[in-house]
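Colleague: My questions are about this predicted structure, shown below with the sequence.
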Amino acid sequence: MKMLDKAHVSEVAGVDLKLQRGASLLEAIAYLGIAAIVVIGAVALLSGAFNSANSNQLAEQVSALQTGIKKLYMGQTGGYTGLSNTVLQNSGVLPSTLLPGGGGAITDEWGGAVTIAGTATNFSLTFAAVPQSVCVNTVTAGGTWTTVTINGGAAITAFPITPATASTQCNSASANTIVWTST
């Protein structure tokens, strides 16, 4: 069997090896451009997925708190009097996704304060520093609330809250305050 050297290979293949030395600058730029488009697309999809997950998590936290508080205070003659962050921490009603701190402080995943308070007739959950997209998606999700107040505006009593109303009320990019009130 005869071994072929580079000269013979190029003659057999009909290719001049001197002309085949790798990708040109234009090809390299095209490859980098395509890679950049793919990365940007992946980041956009990932960002949307995180926003959706955060909206779902906040809706679950609020629902779990409402259910837990109603169960905890069921049959109490003073309504929700005395309800506080500390009471919820001590009773185990606080969802594990909320971060308890010292002195009864609770924060959410965005570092905003979470405050729970009660009266003889109702209780409220206040979440501060909620991002705009999470605010809009969460308040339009519905629920069995008496009122929802966003950024100190008028209390909303017509449910479900429309996306147009939520979009107008959730007007801060990263620091919306939502107050859910229930009986």
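Modeller: Yep, that arrived. Residues are numbered from 1 along each chain as shown.

Colleague: ranges for the strands of the chain?
Modeller: Using DSSP state E, the strands of the chain run over residues 99-100, 106-107, 114-118, 123-130, 147-150, 176-182.

Colleague: Output these as TSV; include the columns mean pLDDT, mean neighbour count and distance to Ser167.
Modeller: For every residue, glycine as well, the C-beta is placed using N, CA and C. Putting the strands of the chain into TSV (pLDDT from 0 to 100; neighbours: other Cβ atoms under 10 Å; distance: least, Cβ to Cβ, whole Å) gives the following:
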stretch	mean pLDDT	mean neighbour count	distance to Ser167
strand 99-100	78	14	28
strand 106-107	90	18	26
strand 114-118	93	19	23
strand 123-130	94	20	14
strand 147-150	95	20	10
strand 176-182	95	21	11
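
Colleague: Take those and write them to a markdown table, including distance to Ala42.
Modeller: Output for those, formatted as a markdown table (distance: least, Cβ to Cβ, whole Å):
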| stretch | distance to Ala42 |
| --- | --- |
| strand 99-100 | 29 |
| strand 106-107 | 30 |
| strand 114-118 | 32 |
| strand 123-130 | 26 |
| strand 147-150 | 32 |
| strand 176-182 | 28 |
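
Colleague: Which of these sits closest to Glu27?
Modeller: strand 123-130 (47.1 Å; Cβ to Cβ).

Colleague: That closest one pairs with which strands, and in what direction?
Modeller: Strand 123-130 sits in its sheet next to strand 114-118 (antiparallel), strand 176-182 (antiparallel), going by DSSP bridges.

Colleague: Distance check, the residue nearest to Gly101 when sequence neighbours are not counted against Thr97.
Modeller: Nearest non-adjacent residue to Gly101, counting by Cβ to Cβ, 6 or more residues apart in numbering: Thr107, 6.4 Å away. Applying Cβ to Cβ, to the nearest Å, the value for Thr107 to Thr97 is 11 Å.

Colleague: do Leu25 as well
Modeller: 51 Å.

Colleague: more crowded one of the two?
Modeller: Set Leu25 next to Thr97 and count neighbours by other Cβ atoms under 10 Å: Thr97 wins out with 12 against 7.

Colleague: Surely the more buried one touches Asn56?
Modeller: No. Thr97 lies out of contact with Asn56 (Cβ atoms under 8 Å); the separation is 10.9 Å.

Colleague: before we move on, back to that, any chance of the strands paired with strand 123-130 in TSV, plus distance to Val38?
Modeller: Putting these into TSV (distance: least, Cβ to Cβ, whole Å) gives the following:
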stretch	distance to Val38
strand 114-118	38
strand 176-182	33
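
Colleague: among those strands, which is nearest Gly142?
Modeller: strand 176-182 (11.4 Å).
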